[in-house]
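Student: next come a sequence and a model predicted from it.
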Amino acid sequence: KAGVTQTPRYLIKTRGQQVTLSCSPISGHRSVSWYQQTPGQGLQFLFEYFSETQRNKGNFPGRFSGRQFSNSRSEMNVSTLELGDSALYLCASSVGEATNEKLFFGSGTQLSVL
Amino acid sequence: DQQVKQNSPSLSVQEGRISILNCDYTNSMFDYFLWYKKYPAEGPTFLISISSIKDKNEDGRFTVFLNKSAKHLSLHIVPSQPGDSAVYFCAASPLLYGQNFVFGPGTRLSVLP
């Protein structure tokens, strides 16, 4: 079974631009979560989508948004990029039908904002 | 304010010995805990989990202990192998609908041959 796929692998943007990251979950998984990893901060929860609806949301500004499509694929968008948005963005999928399921992570998208 | 803390940024252990990674949490609503391992340029991979109704869970060389009164959990790796060298993250979740995990900052484990 294919794992979680994230594209692109690397991205370089400048301040003020916007960016869209993509995530394809494991087949049969309906929950997709997004995390931001910065050095020394661990993984910070952005949001979770299930059946095309945002089910949980972390404490990030409205510049960070996401959506999920009917095939469970998800996109994350960051508008008006700031230098502090430079991070590894990780997507994780799970079956989604129960609480507290283990997450399966993709390899991430490394975003650099110049 | 970090709700999940891993106070040791790094740990070095000799091959064959025990590795003990610690994690503390502050939110008493957390009742499900996971450990993940992360190699450079890869996403985290699931290692082991424990729910608050247990105080111990084993899977091969990995054992997780949970002390709810102290809000502390630890991951024991016995015996440690060089391939275990990675960053280990502790994660916690309250009993809520869906997936909403709080991760610690990670501990870098180096297993020396």
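Tutor: Great, that's in hand.

Student: right, and B:Pro105 touches A:Gly42 too?
Tutor: Yes - between B:Pro105 and A:Gly42 there is a contact under Cβ atoms under 8 Å: 4.1 Å. The C-beta positions use only the backbone N, C-alpha and C, and glycine is treated the same way.

Student: okay, and the common contacts of the two?
Tutor: Counting by Cβ atoms under 8 Å, 6 or more residues apart in numbering or on different chains, the contacts common to B:Pro105 and A:Gly42 are B:Gln6.

Student: got the contact list for B:Gln6?
Tutor: Counting by Cβ under 8 Å, 6+ apart, B:Gln6 has contacts A:42, B:21-24, B:88-90, B:104-107.

Student: now those as JSON lines including neighbour count?
Tutor: Listed next are the contacts of B:Gln6 as JSON lines, based on neighbours: other Cβ atoms under 10 Å in any protein chain shown:
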{"residue": "A:Gly42", "neighbour count": "22"}
{"residue": "B:Leu21", "neighbour count": "22"}
{"residue": "B:Asn22", "neighbour count": "17"}
{"residue": "B:Cys23", "neighbour count": "25"}
{"residue": "B:Asp24", "neighbour count": "18"}
{"residue": "B:Tyr88", "neighbour count": "23"}
{"residue": "B:Phe89", "neighbour count": "25"}
{"residue": "B:Cys90", "neighbour count": "28"}
{"residue": "B:Gly104", "neighbour count": "26"}
{"residue": "B:Pro105", "neighbour count": "20"}
{"residue": "B:Gly106", "neighbour count": "26"}
{"residue": "B:Thr107", "neighbour count": "21"}
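
Student: report the beta-bridge partners for the residue of chain A found nearest chain B.
Tutor: As assessed by Cβ to the nearest Cβ, chain B sits closest to A:Phe105 within chain A, at 3.3 Å. Counting by DSSP bridges, A:Phe105 is bridged to A:Ala92.
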